[in-house]
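Engineer: Generate coordinates for the sequence data below:
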Amino acid sequence: MAEQTESSGAESFDIVIVGSGGGGLAAALAAHAAGLKPVIVEKQKVVGGSTGMSGGMLWIPDNPLMKADGIKDSYQDGLDYLQAVIGDPDEPSSAARRGAFLTNGPRMISFLQEQGLKLYRCAGYSDYYDNYPGGSAAGRSVEGVPWDGRQLGEWRPRIIHGLGEGVGLAVTTLEIHTLNSFTHTLASFLTTARVVLRTYVSRMRGQDLFTNGKSFAGQMTRMLLDRGVPIWLGTAVEDLAVEDGRVVGVRAVRDGAPVLIRGRRGLLLAAGGYERNAEMRLKYTAATQPSDGQWTWGNPANTGEVLAAAIALGAKTEYMDEAIWLPSPRKEMGGSTLTIARQYPHAIFVNSRGKRFVNEANSYVEVGRAMYANDSVPCWLIFDDAYRRSVPWVNHMPKFRDLASVIPGRLPHQWLADGWIKRADTIEDLARLSDLDPQALADTVSHFNEGAVAGTDPDFGRGVSSYNKHLGDPGHRPNPSLGPVAEAPFYAVPIYPGDVGTMGGVICDEHARVLDHDNQPIPGLYAAGNMAASVFGRTYPGAGASIANTTVFGYIAALHMAGAEQGCGPDGKNRHRIGPATLPYLPGGRPPVPPDAEP
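Structural biologist: Numbers count the residues shown, from 1 in each chain. Have a look, this model is predicted:
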């Protein structure tokens, strides 16, 4: 890359942050609290990125909300859990990075709460592998409270559309799975009634309740605006600016004019992944998990040009073939309960040979990877009429005249007429319609049913973990996750390896500094979130892991640029604690300059 030396048309800050998702927002707030002058540069006309579009949970072991509720957890439990789920450390998921995440995650949550962020604990939303060593059945996820977007004033329409708007209800991510079983148990009915009542009462009051990731993005934006932190929307980065071998900012286009945006302390890349860049995806995935992004549900703005600029500068990468997989039917059916069928009784996944190949109810990332590993792109969702009758076939709140559409069992006939769903009176006939081996599918279903009747799955352990049970049918016995596929007619739907974002990117150290091919930090360059190879490797340990990854390392990056060092363990040995109470500055003052920063 050619070095950038001109200074005309330049804007200067202490820290330049590219991307307004969770990592960018947390970094900006931490930098401001450290007495620095940050700027957020966002190419979209809205704030929030993938975080704002998402469920908005943050998976943080040993977080302060757990402590407040008396839930036992510890750094060591978190470390044991990561070891059990991810396996041995590698470069992106090094021991130091795992330690930095576990140490600073709880501190970041405390810091955000002190700054004014309103969160609640997602009680009972278990870790995805809670039955592994160090796992938590009580759950380690937190989420933004329903929050009135009117507090944003003129910035209210500048927050990206979120998950709750697609559902049409002011529903939290913790609550949303109960909507599919509202007729099954009293608890589910009462939760659904609370959500509906909250939605309509807030509307009558003229409120605009933000939930899920939109609550997090909205609250964080309000705090940054109150502190005078600039958020430049509609500002597209074209290249990284380099002087004397150090990254000093970005070259961008703002309001149609080129501008050099300089960062005296450094540049944080938190601009998301490249799920919407077909060329990049094919380049990096062809050999292992081929995808051009045609099934992605990710942010349309995640086109990878900022990541490509970092790679061109010499950044080392890993996991570039990986994504946060989300097994899904064709997009026209994406708003239906087919997206959760794999976690419910009376449904299974089979591959092209008619065989089960995975615990269907486990982490979506695990299931997506298993699809590629088992000749299962697409795989087939097989379910029976008991499942069809048990769930509503929309997951959004219809208009009053269409309320009948939420009655369980009302499968859209057009989907059958169009052939999107296959239906037959026998498993063998269903297999023929789906180009599967009839005897193989019949044997698979028969074998599965033997255990499912008793609530067991000896082949893949479905329904053993609290997580499997939590997302299953709370009214089904003996196991919320398991029920036989036995009641005719039978149905089959192709399922594709959709995703909500890519998981690969530049390799960073425990300070969030981007490393080159000699494993040396590129001076002035930091990264967080889906721009960076995940600290969780190729796995997904719990609800909100990706948002936790980006916010924690965005926080760490800002404080490192502010001159503080983050700890990597609970004992403090050869480490320095960081956080709002331990930073070496007075409010409004300037912390020490890092050794590699420009004067």
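
Engineer: What ranges does the stretch 201-350 of the chain have for its strands?
Structural biologist: 209-210, 231-232, 235-243, 246-254, 257-269, 317-318, 323-328, 347-350 (DSSP state E, counting those that start in this stretch).

Engineer: Now render the ones you listed as a markdown table, adding mean pLDDT, mean neighbour count and distance to Thr285.
Structural biologist: Glycine gets a C-beta too; all of them are placed from N, C-alpha and C. Shown next, in a markdown table, are those (pLDDT from 0 to 100; neighbours: other Cβ atoms under 10 Å; distance: least, Cβ to Cβ, whole Å):
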| stretch | mean pLDDT | mean neighbour count | distance to Thr285 |
| --- | --- | --- | --- |
| strand 209-210 | 96 | 26 | 34 |
| strand 231-232 | 98 | 20 | 32 |
| strand 235-243 | 97 | 20 | 24 |
| strand 246-254 | 97 | 21 | 27 |
| strand 257-269 | 97 | 23 | 21 |
| strand 317-318 | 98 | 20 | 13 |
| strand 323-328 | 96 | 26 | 8 |
| strand 347-350 | 98 | 26 | 21 |
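
Engineer: Turn these into TSV, including distance to Ala309.
Structural biologist: TSV is the format used below for the strands of the stretch 201-350 of the chain (distance: least, Cβ to Cβ, whole Å):
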stretch	distance to Ala309
strand 209-210	32
strand 231-232	18
strand 235-243	5
strand 246-254	8
strand 257-269	9
strand 317-318	13
strand 323-328	21
strand 347-350	39
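
Engineer: looking at those strands, which is closest to Ser363?
Structural biologist: Relative to Ser363, the nearest member of the strands of the stretch 201-350 of the chain by Cβ to Cβ is strand 323-328, separated by 8.9 Å.

Engineer: Lowest-scoring secondary structure element of the chain by mean pLDDT?
Structural biologist: helix 163-167 (a mean of 83; mean pLDDT, DSSP states H and E).

Engineer: average model confidence for the following helix or strand past that one?
Structural biologist: The helix or strand immediately downstream of helix 163-167 is helix 173-176, counting by DSSP states H and E. What helix 173-176 shows for mean pLDDT is 92.

Engineer: Report the buried residues of helix 173-176.
Structural biologist: 173-176 (16 or more other Cβ atoms under 10 Å).

Engineer: just stretch 331-342 next, same as before
Structural biologist: Across stretch 331-342, burial judged by 16+ other Cβ under 10 Å covers 333-334, 336-342.

Engineer: Repeat that for stretch 411-420.
Structural biologist: For stretch 411-420, by 16+ other Cβ under 10 Å, it's 411-412, 415, 420.

Engineer: So which residues lie in contact with it, not counting its own?
Structural biologist: For stretch 411-420, the external contacting residues (Cβ atoms under 8 Å, 6 or more residues apart in numbering) are 329-330, 332-333, 336, 388, 393, 421, 423, 493.

Engineer: let's see 7 Å
Structural biologist: The contact list for stretch 411-420, computed with Cβ atoms under 7 Å, 6 or more residues apart in numbering, reads 330, 333, 388, 393, 421, 423.

Engineer: how about the least confident helix or strand of the chain as CSV, C-alpha atoms only?
Structural biologist: C-alpha atoms of helix 163-167 as CSV (Å, rounded to 0.1, in the frame of the first residue of the first chain):
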residue,chain,number,x,y,z
LEU,A,163,-35.2,-8.1,15.2
GLY,A,164,-38.3,-6.9,17.2
GLU,A,165,-39.6,-4.9,14.2
GLY,A,166,-39.6,-8.0,12.1
VAL,A,167,-41.7,-9.7,14.7
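
Engineer: Remind me what that helix packs against, helices and strands.
Structural biologist: helix 212-226 (3 or more Cβ pairs under 7 Å, 6 or more residues apart in numbering; DSSP states H and E).

Engineer: Any idea how far the helix it packs on is from the middle of the chain?
Structural biologist: Helix 212-226 has its C-alpha centroid displaced from the chain centroid by 17 Å (Cα atoms, centre = their mean, to the nearest Å).

Engineer: repeat for stretch 302-310
Structural biologist: With Cα atoms, centre = their mean, you get 19 Å for stretch 302-310.

Engineer: what about the stretch 351-500 of the chain, any weak spots by pLDDT?
Structural biologist: Residue ranges of the stretch 351-500 of the chain with pLDDT under 70: 395-405.

Engineer: about what we covered before: among the buried residues of stretch 411-420, give me the pair with the biggest separation.
Structural biologist: Leu411 and Trp420, at 10.7 Å, using Cβ to Cβ across the buried residues of stretch 411-420.

Engineer: Could you list every helix and strand in contact with the longest helix along the chain?
Structural biologist: The single longest helix within the chain, with elements called by DSSP state H, is helix 95-115. If you count contacts as 3+ Cβ pairs under 7 Å, 6+ apart, helix 95-115 packs onto helix 22-33, helix 64-68, helix 75-86, helix 545-561.
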